[in-house]
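>>> A structural model of the following input is requested.
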Amino acid sequence: MIDNKDLLEQFRRFIWQNKTANAIELSIETVDWNGSEPRLKYQVVKILPHDANEQQVEAAMQDLCANSNYFATCALCKKPELAGKMYDEYLCQRCAKSQ
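Now for the predicted structure:
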């Protein structure tokens with residue numbers, strides 16, 4: 001669970017919600033690397049029942065935001081980033097480049 005509401009909102013910009021007749025799909029922007037070029041795509045990572053209520057969707061989104069497989073926060077600038085765009089476990093590309 002992420003306690004910082006601003007941070008949670010920043011992570012949410014990477015999550016896409018799609019309602020179908022059978023489910024509510026939560027997708028996350030992911031990064032594939034083709035050499036030095038990132039390729040962004042959305043990957044369905046959570047499927048909820050089509051009748052899931054707002055609290056269930058909110059809880060699922062918070063769980064995704066807290067998952068280090070998808071998101072990280074830079075130790076220097078404190079900005080949230082997709083895990084696949086981080087330079088390493090601690091630094092974003094921008095901060096690593098300036099070191």
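>>> Contact partners for Glu89?
For Glu89, the contact set (Cβ atoms under 8 Å, 6 or more residues apart in numbering) comprises Ala72. Any C-beta I mention is one placed from the backbone N, CA and C, and that applies to glycine too.
>>> Now the phi/psi pair for it, please.
Main-chain torsions, Glu89, degrees, to the nearest 10: phi -60, psi -20.
>>> Tell me how far it lies from Lys5.
25 Å (Cβ to Cβ, to the nearest Å).
>>> now do Ser68
Taken as Cβ to Cβ, the span from Ser68 to Lys5 is 19 Å.
>>> could you pull out the strands for the chain?
Taking DSSP state E, the strands of the chain run over residues 15-19, 23-34, 37-49, 71-73, 80-82.
>>> In CSV: the ones you listed, plus mean pLDDT, distance to Glu9 and mean neighbour count.
Converted to CSV, these look like this (pLDDT from 0 to 100; distance: least, Cβ to Cβ, whole Å; neighbours: other Cβ atoms under 10 Å):
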stretch, mean pLDDT, distance to Glu9, mean neighbour count
strand 15-19, 93, 11, 14
strand 23-34, 88, 15, 16
strand 37-49, 91, 18, 13
strand 71-73, 89, 12, 20
strand 80-82, 87, 9, 21
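>>> Would you format those strands as a markdown table with distance to Met61 included?
Output for these, formatted as a markdown table (distance: least, Cβ to Cβ, whole Å):
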| stretch | distance to Met61 |
| --- | --- |
| strand 15-19 | 6 |
| strand 23-34 | 7 |
| strand 37-49 | 8 |
| strand 71-73 | 12 |
| strand 80-82 | 14 |
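>>> tell me the angle of the longest helix anywhere in the chain relative to strand 15-19?
Longest helix in the chain, counting residues (DSSP state H): helix 54-65. Using axes from the mean of the first three to the mean of the last three Cα atoms, to 10 degrees, the direction of helix 54-65 lies 140 degrees away from that of strand 15-19.
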